[in-house]
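> fold the following.
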Amino acid sequence: MFKRNKILLAVTSASLLTVSAASQAQETVTSQATVTVQNAFVLTEVTPLSFGTIRAAAQDDGANVASITVAADGTPSTSDSDNNAAITVISQGVRGEYSVSGTAPFSALEITFEAADVSLSNASAPPGTPDFELLLGGWEAEIIGGGNDGTAYSSAGDLLTDVNGDVGFYVGGELATDSDASTSPYIDGAYTGNYVVEVSY
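Here you go, the predicted model:
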């Protein structure tokens, strides 16, 4: 009986040593973490800004200017004449429209307009014909969709995207007769000029 207990104790001790050795075994694996950056998004001009059709006259000494405003909120264009400088609306202008897509959801974006007056000229006009000036201080925007739908854009962060990362905005501006006009009158035809609109995080 005593001999049998010794054998049982020896077997039990050997089993414990085996379990202890097995519990010390380990395996490792090297894994890789990833992240994808997408700072780029899509800014699209949906509708170009147009000041419609007007009758226009510049004052020959450039001392006075007339102007026309296309509002971002869609109200009718208004014009303002000054002495011999004159603008009269014949057909209404159209506010510009832009869409933004592919941004992060619920993001605050900033709109930046052209940093100087923009000249609109007639490619068919002879030298000395007055141009128009798209005024630096006349830019305005109204938000379409997102967190501030239907409100005027006033400062960085007002343009908030929706759950899909989309938002849009209307653009309005002010156009003035040439402030350095010659004695030549405006001639009929289209006057065009390029401007830049920037949207950023």
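> tally up the residues packed near residue 27, please.
4 (other CB atoms under 10 Å). Just so you know, the C-beta spots here come from the backbone N, C-alpha and C atoms, and that holds for glycine as well.
> three-state assignment of it?
coil (DSSP: H, G, I helix; E, B strand; the rest coil).
> next up, the contacts around residue 99.
Contacts for residue 99 (CB atoms under 8 Å, 6 or more residues apart in numbering) come out as 42-44, 46, 144, 166-168.
> quick one: which of those is nearest residue 199?
Nearest to residue 199 among these is residue 43, at 5.1 Å by CB to CB.
> so the closest one sits in a strand?
Yes: according to three-state DSSP, residue 43 belongs to a strand.
> in three-state terms, label the closest residue to it other than its chain neighbours for me.
Distances taken as CB to CB, 6 or more residues apart in numbering put residue 199 closest to residue 43, at 5.1 Å, once the chain neighbours are dropped. Assigned with three-state DSSP, residue 199 falls in the strand class.
> also residue 30?
coil.
> what about it, how many neighbours?
Neighbours of residue 30 (other CB under 10 Å): 4.
> for residue 113, same thing?
Based on other CB under 10 Å, the number of other residues close to residue 113 is 18.
> correct me if wrong: it contacts residue 139.
Yes: between residue 113 and residue 139 a contact is recorded at 4.1 Å, counting by CB atoms under 8 Å.
> just to revisit the earlier point, check the residue nearest to residue 43 and give its pLDDT.
pLDDT for residue 199: 98.
> hey, what's it bridged with?
residue 111 (DSSP bridges).
> quick check: it vs residue 113, distance?
Residue 199 sits 11 Å away from residue 113, going by CB to CB, to the nearest Å.
> what's the answer for residue 158, then?
Distance from residue 158 to residue 113, by CB to CB: 14 Å.
> just checking, next helix/strand downstream of the strand or helix carrying residue 68?
Using DSSP states H and E, residue 68 falls within strand 67-70. On the C-terminal side of strand 67-70, the nearest following helix or strand under DSSP H and E is strand 78-80.
> quick one, what contacts residue 159?
Counting by CB under 8 Å, 6+ apart, residue 159 has contacts 100, 108-111, 143, 146, 148, 153, 167, 169, 199.
> in these, find the pair that's most separated.
148 and 199 (14.3 Å).
> got the buried residues for stretch 127-143?
Buried residues in stretch 127-143, defined by neighbour count with 16 or more other CB atoms under 10 Å: 129-135, 138-143.
> next one: stretch 67-85
Under the neighbour-count criterion of 16+ other CB under 10 Å, stretch 67-85 has 67-72, 77, 79, 81, 85 buried.
> same deal with stretch 49-58?
Quick answer for stretch 49-58 (16+ other CB under 10 Å): 49, 51-52, 54, 56-58.
> quick one: average confidence on it?
Predicted confidence along stretch 49-58 averages 96 (mean pLDDT).
> what does that stretch contact?
Stretch 49-58 is contacted by residues 65-66, 68, 70, 77, 79, 84-96, 130, 132, 171-173, 175, 177-178, 181, 185-186 when judged by CB under 8 Å, 6+ apart.
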